[in-house]
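> sharing a model prediction with you, sequence too.
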Amino acid sequence: MAITVTDPRPIERAEEILTPKALAFLEELHNRFAGTRNELLAARGVKRQRVADTGRLDFLPETQDVRDGDWTVAPAPAALQDRRVEMTGPASPAKMAINALNSGAKVWLADLEDASTPTWGNVIDSILNLRDAAQGTLSHTSAEGKEYTLRTDAPLAVVVARPRGWHMPEKHLLVNGEPAVGALVDFGLHFFHVAKQLVLNGHGPYYYLPKMESHLEARLWNDVFVFAQDFLGLGQGSIRATVLIETIPAAFEMDEILYELRDHASGLNAGRWDYLFSIIKYFRDAGEEFVLPDRASVVMTAPFMRAYTELLVKTCHQRGAFAMGGMAAVIPNRRHPEVTEAAFAKVRADKTREANDGFDGSWVAHPDLVPTCREVFDAVLGDRPNQLDKQRPEVSVTADQLLDIGSADGQVTEGGLRLNLYVAVAYTAVWLSGNGAVAIHNLMEDAATAEISRSQVWQQIRNKSVLADTGNTVTRELVERILGEETERLRTEFGDEAFRLYYKPASDLIADICLSEEYTDFLTTPAYELVG
């Protein structure tokens, strides 16, 4: 066997997941598909440079026939017909998995990606929890003796698992001496151990696919699905995938992505935070006109964001696929009623806009927000499970509208710069400690929001942005000073021990990638080298 496990027992019961047959399946996946994945990642860089040189993206002329064609994706299975509320969160630890399954949401996005630090222990624990959940045996007893079990008084959320994006490696598995592909490890272990049980349960192996930049990357996933179903003897189409449209090039290939996955496609999701990150990343050196204002002032009603979401709804419903709304980052705080009231109001407004636009459901990041989202979609859907029948023939979106970054209201301010640096360090520190989702200032931050924060800083240095509130120009020296002040603030807030273990390494990493002449494509890539 040409596959090596560097740490075969990161947690108890790991041997139940890292079985010889499961590892042989992973090896076969890598031998068949890792080479194509590597070629597609290289193609990303070539295309990005071409776009940077021209400041231009457009719909692909060579796939015009796909966009013009009269085709639809496969009809959704019964378990995925109603997705009006989707709860998101990591699949490890078990307590969080149980709370998500019991939340009352129709779907749980069981996250092995942006809301999960991919420590080897977290990866294996996530698969264990998802397998135990499918078998109905998942439970947890806290240190205080509190027991958590799966509810029997109402349906559990349908699980849709999200593997890592194509770019992330898995350093604890070596295939032919090279780090494994994180996406193939996550998908492979989950599919191998859970798929047949999910089918027996009347569900199936359902996935959210993140970070894709082209329909060719969707084609690769489709090839993986076809092989995997044959390998386990499952019928073709057992797998269903929802693709996150969370990169700017993917926004120009929505039809093509659905077409490549048409036998396995379930829908598209408006991954708003990664989408903003992708815009900054793609046009980071294309000039001042591509500099977004402070992150907090970029709202979903900005014309370029409206163009993106309306195109997504129109494309999905034309093709018989579900359009899923994005994450409202605000979360309630049970100790502060006024914070909770404001969070509910913001979520209600956000979900009302999505439901009225034609989305079939949306995401929340906290169980307390499930009733609010459900109430909004109930009011629009009534007894219908979805609104696939709501076509949007009046929507016509151009490349210029998708790229109209200047339509966003707001300014670049020193307050925004300071907040970006605080959030980038604070989130990265928690990520390094093994937790991929954290509440900061009553907002749920995950890797996507941290990516926006650090990317804005890099872009503002590059463009010598002038701060509206102070008149200062963003320079490396200014960023170093503010980063030092925010890092010291975090030391005061969290103490010397946590600072030494996590916040100082996080601050050093943020300094490196924000002040570097070269842009780092993903914050999580160098951060991954710092975790076990």
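Received it, and whenever you're ready, just let me know what you need.

> for Pro385, give its distance to Lys106.
9 Å (C-beta to C-beta, to the nearest Å). No exception for glycine: its C-beta is placed from N, CA and C like everyone else's.

> more neighbours, the two?
Of the pair Pro385 and Lys106, Lys106 is the one with more neighbours under other C-beta atoms under 10 Å, namely 23 against 17.

> three-state assignment of Lys171?
Here Lys171 is recorded as strand under DSSP: H, G, I helix; E, B strand; the rest coil.

> avg pLDDT for stretch 397-410?
Averaged across stretch 397-410, pLDDT comes to 94.

> for stretch 226-240, same thing?
Mean predicted confidence for stretch 226-240 is 98.

> need the outlier residue of this structure, farthest from its centre.
Gly471 (35.4 Å; C-alpha atoms, centre = their mean).

> helices of the stretch 401-532 of the chain, start to end?
For the stretch 401-532 of the chain, the helices defined by DSSP state H, counting those that start in this stretch cover 414-432, 447-462, 476-494, 496-498, 504-515, 524-528.

> can you put those in CSV and add distance to Leu402 and mean pLDDT?
Listed next are the helices of the stretch 401-532 of the chain as CSV, based on distance: least, C-beta to C-beta, whole Å; pLDDT from 0 to 100:
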stretch, distance to Leu402, mean pLDDT
helix 414-432, 24, 97
helix 447-462, 18, 96
helix 476-494, 30, 98
helix 496-498, 42, 97
helix 504-515, 27, 98
helix 524-528, 26, 97
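
> make CSV from these and add distance to Ala42 to it.
Shown next, in CSV, are these (distance: least, C-beta to C-beta, whole Å):
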stretch, distance to Ala42
helix 414-432, 27
helix 447-462, 21
helix 476-494, 30
helix 496-498, 39
helix 504-515, 21
helix 524-528, 15
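
> which of the ones you listed sits closest to Trp166?
Closest to Trp166 of the helices of the stretch 401-532 of the chain is helix 524-528 (C-beta to C-beta; 12.2 Å).

> what does the closest one rub up against?
With contact meaning C-beta atoms under 8 Å, 6 or more residues apart in numbering, helix 524-528 is reached by 118, 167-169, 171, 428, 431-432, 447, 509, 512-513, 520.

> just the buried ones from those residues, in ChimeraX syntax?
In ChimeraX, this line selects whichever of the contacts of helix 524-528 come out buried by 16 or more other C-beta atoms under 10 Å:
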select :118,167,168,169,171,428,431,432,447,509,513,520
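
> JSON lines please, covering the contacts of helix 524-528 and showing distance to Pro210.
Formatted as JSON lines, the contacts of helix 524-528 follow (distance: C-beta to C-beta, whole Å):
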{"residue": "Pro118", "distance to Pro210": "13"}
{"residue": "His167", "distance to Pro210": "10"}
{"residue": "Met168", "distance to Pro210": "10"}
{"residue": "Pro169", "distance to Pro210": "15"}
{"residue": "Lys171", "distance to Pro210": "19"}
{"residue": "Thr428", "distance to Pro210": "19"}
{"residue": "Trp431", "distance to Pro210": "16"}
{"residue": "Leu432", "distance to Pro210": "21"}
{"residue": "Ala447", "distance to Pro210": "10"}
{"residue": "Leu509", "distance to Pro210": "22"}
{"residue": "Asp512", "distance to Pro210": "25"}
{"residue": "Ile513", "distance to Pro210": "21"}
{"residue": "Thr520", "distance to Pro210": "18"}
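
> how close does the nearest residue to Ala286 once chain neighbours are set aside get to Arg306?
Distances taken as C-beta to C-beta, 6 or more residues apart in numbering place Gly55 nearest to Ala286, at 4.4 Å, with adjacent residues excluded. Distance of Gly55 to Arg306, given as C-beta to C-beta: 21 Å.

> what do Pro385 and Lys106 both touch?
Listed as contacting both Pro385 and Lys106 by C-beta under 8 Å, 6+ apart are 82, 84.

> higher neighbour count, Gly55 and Arg306?
Between Gly55 and Arg306, Arg306 has the larger neighbour count (other C-beta under 10 Å), namely 18 against 13.

> tell me the SS of Arg284?
Using three-state DSSP, the three-state assignment for Arg284 comes out as coil.

> how many residues are close by it?
Around Arg284 there are 20 other residues, counting by other C-beta under 10 Å.

> ok, so what distance separates it from Leu483?
Arg284 sits 19 Å away from Leu483, going by C-beta to C-beta.

> can you check Lys346 too?
To Leu483, Lys346 is 29 Å away according to C-beta to C-beta.

> Asp125 now?
Distance, Asp125 to Leu483, using C-beta to C-beta: 33 Å.

> just Gly267 next, same as before
For Gly267, the distance to Leu483 equals 40 Å [C-beta to C-beta].

> and what of Tyr502?
Tyr502 sits 16 Å away from Leu483, going by C-beta to C-beta.
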